[in-house]
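*Asks:* curious how this folds, go ahead:
(one chain, ligands or ions: 1)
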Amino acid sequence: MLERLNSKSLSHLPAGVERPAYDRERLTPGIVHLGLGAFHRAHQALVTDLAMQASGDLSWGILGVSLRSPAVRDALAPQDGLYTLATRDAGPDGQPREALRVVGSVLRVMVAEEDPNAVLERIAYPQTRIVSLTVTEKGYCHEPASGLLRWDDADILHDLAHPEAPRSAIGMLVHGLSLRRERGLPPVTLLSCDNLPSNGDTLRKLVLAFALRVDPMLTAWIDAHCTFPNSMVDRIVPATRDEDRQRISERVGFQDAWPVVAEPYLNWVIEDKFAAGRPAWDVPGGATFVGNAAPYERLKLRMVNAPHSAFAYLGAMLGIKTNSEAAANPGLRRYVDTLIRTEIAPTLRGIPEAGLDEYRQRFLARVSNPALPHLTHQVAMDGSQKVPPRLLAAVRERLRRGESIELLALAVAAWLHYLRGYDETGARYAVQDPLAAQLARMLERAEVAARAAAPSQAAHRRALVLAGYRPVFGDLGKKPDFVAAMARHLETLREHGVMRAVQGVA
Ligand code: CS2
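*Replies:* Numbering: from 1, shown residues only. As a prediction, the model looks like this:
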């Protein structure tokens, strides 16, 4: 039985394992991070660790917050916040290779549900200068189609009524900022690192909308003093499996209850708009600062996330477990490659064709990484939040220009088809989505409408109901070309399956 990884282990790690070269005893907290999942620990926590090591400025320790689950806290508390980041790919011989670094930037993990007040106090702590977030798309409690805060969301309603014990990230930020203002403390930077278009601007709008219901003076203070840089993060980070825990612990020589596994590629682009300073994140292997991150986000959502979702839905329907297996299926790969070249890349005006081509090839190589089992169902989850920014934004633009949406529409139809909850092998799975109940009702209504229609009209009626679901599709349900494409693709998927559907378009 291996000893548990903790501060004392650092000087006993095997030679090949990188570790923080600074004195962790001297670390002080500067960042509160909401959503301490694998994604954060594979980028921001790592780059903060590298930045503190390179600059010697140890005032950027991270106080991590898990919103609900105590699991990460329970894993990392006995480890003094330490964990291993393993970056994996296949070497030239095709065999997996893996580089390890024990990351030292996380000081402590808190669980908001257990003690929301402790989180508010930390946001309102004098030394806190950045509050960052990776709470996934659904964590913003906004309607995907319109970007507006969902005032009917149970957590948002709760947080308006209970300022002392918020549950949502938005409630936590606003009530924490309110305390800062009351105490006369300086403003902070609110940094979203989630996969949303203009994530900083989106967060700003949601925070200001909520704050307006709390106190108009607070809204004015936040607006005048806090900053919300947009950022884009690109790194594939699958969920950690037990075999990763075991292999990594053995290699590190200490038991690590929750290491994180990622691809070697990392691209983090941030707008340099910080209200109260920032770590020297622009270290080698770290972030790039730019004036405007929106074009990078658009590029990434469309050239990485859209095809990722396409592989995930179509692959999952074929009963394929991982994205790399989906990308190895010649029919799926041809379809996704054609989708990127003919319908996605042309929407990214202003970027040279050669650059887009390189981006496409790199994405296909990354998703094919055989040493990184990333489950199709992991990428497939939360489709109601992911499909609008990844696929529907491009659909809208192309329709406006009178351009074909045939391939994009197949990826959207694949999501709707996925919602049925069983694949082509007959295996059932749970649809994980914050709007799962509403989506299930929508599917039911669509089937009722299809059954009530004449046989030649059934597919169209079904598509009308589905595309009419406004929280996801907005006004697209009123576009005849879109509804017709949904009807056609859904019919092929239902009657003939995924392979016929992809062969029909690419
Ligand atoms: C994936 C992303 O789970 C998903 O929806 O598409 O998490 C993807 O791996 C990252 O955005 C890559 O940067």
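*Asks:* contacts made by the helix or strand where residue 243 lies with the rest, please.
*Replies:* Element membership for residue 243, per DSSP states H and E: helix 242-252. Residues outside helix 242-252 that contact it (CB atoms under 8 Å, 6 or more residues apart in numbering): 2, 5, 9, 13-14, 17, 84, 86, 98, 100, 102, 255-259, 261. Bear in mind the C-beta positions are built from the backbone N, C-alpha and C, glycine included.
*Asks:* hang on, residue 286 packs against residue 47?
*Replies:* Yes: under the criterion of CB atoms under 8 Å, residue 286 makes contact with residue 47 at 4.3 Å.
*Asks:* give me the common contacts of those two.
*Replies:* Between them, residue 286 and residue 47 share these contacting residues under CB under 8 Å, 6+ apart: residue 268.
*Asks:* can you list the residues of the protein near the ligand?
*Replies:* Contact residues, the chain versus the ligand (CB under 6 Å from any ligand atom): 195, 234-236, 304-305, 308, 378-379, 386.
*Asks:* from those, which land in strands?
*Replies:* Per DSSP state E, strands hold the following members of the residues of the chain next to the ligand: residue 234.
*Asks:* give me the buried entries from the residues of the chain next to the ligand.
*Replies:* Taking 16 or more other CB atoms under 10 Å as the criterion, what is buried in those is 195, 234-236, 304-305, 308, 378-379, 386.
*Asks:* which one among the residues you listed gets closest to residue 484?
*Replies:* Within those, proximity to residue 484 (CB to CB) peaks at residue 386, which comes in at 23.7 Å.
*Asks:* who are the contact partners of the closest one?
*Replies:* By CB under 8 Å, 6+ apart, residue 386 lies in contact with 137, 195, 305, 309.
*Asks:* at 6 Å instead, please
*Replies:* The contact partners of residue 386, taken as CB atoms under 6 Å, 6 or more residues apart in numbering, are residue 309.
*Asks:* could you check how far it is from residue 130?
*Replies:* To residue 130, residue 386 is 26 Å away according to CB to CB, to the nearest Å.
*Asks:* against residue 291, how distant is whichever residue of the stretch 351-500 of the chain sits closest to the ligand?
*Replies:* Here the stretch 351-500 of the chain gets closest to the ligand at one residue, residue 379, 4.1 Å apart by CB to the nearest ligand atom. As judged by CB to CB, residue 379 and residue 291 stand 31 Å apart.
*Asks:* can you list the residue ranges for helices in the stretch 401-506 of the chain?
*Replies:* Along the stretch 401-506 of the chain, counting by DSSP state H, counting those that start in this stretch, helices occupy 406-418, 436-452, 458-467, 470-473, 480-496, 498-505.
*Asks:* likewise for the stretch 51-200 of the chain?
*Replies:* So, for the stretch 51-200 of the chain - with DSSP H, counting those that start in this stretch - the helices run 71-76, 116-123, 154-161, 169-182, 199-214.
*Asks:* tell me which of those helices lies nearest to residue 270.
*Replies:* Of all the helices of the stretch 51-200 of the chain, helix 199-214 sits nearest to residue 270, with 9.0 Å by CB to CB.
*Asks:* quick check: which of the helices of the stretch 401-506 of the chain is buried the most?
*Replies:* Of all those, helix 406-418 carries the top mean neighbour count, a mean of 25, counting by mean count of other CB atoms under 10 Å.
*Asks:* between helix 480-496 and that helix, find me the angle.
*Replies:* Helix 406-418 and helix 480-496 meet at an angle of 60 degrees, taking axes from the mean of the first three to the mean of the last three CA atoms, to 10 degrees as the criterion.
*Asks:* contacts for helix 406-418, please.
*Replies:* Applying CB under 6 Å, 6+ apart, the external contacts of helix 406-418 come out as 310, 313-314, 339, 343, 380, 383, 387, 391, 394-395, 466, 485-486, 489-490, 493, 505.
*Asks:* again with stretch 314-332
*Replies:* 311, 333, 367-370, 373-377, 380, 414, 423-425, 498-499, 502.
*Asks:* which of these are buried?
*Replies:* 311, 333, 367-370, 373-377, 380, 414, 423, 498-499, 502.
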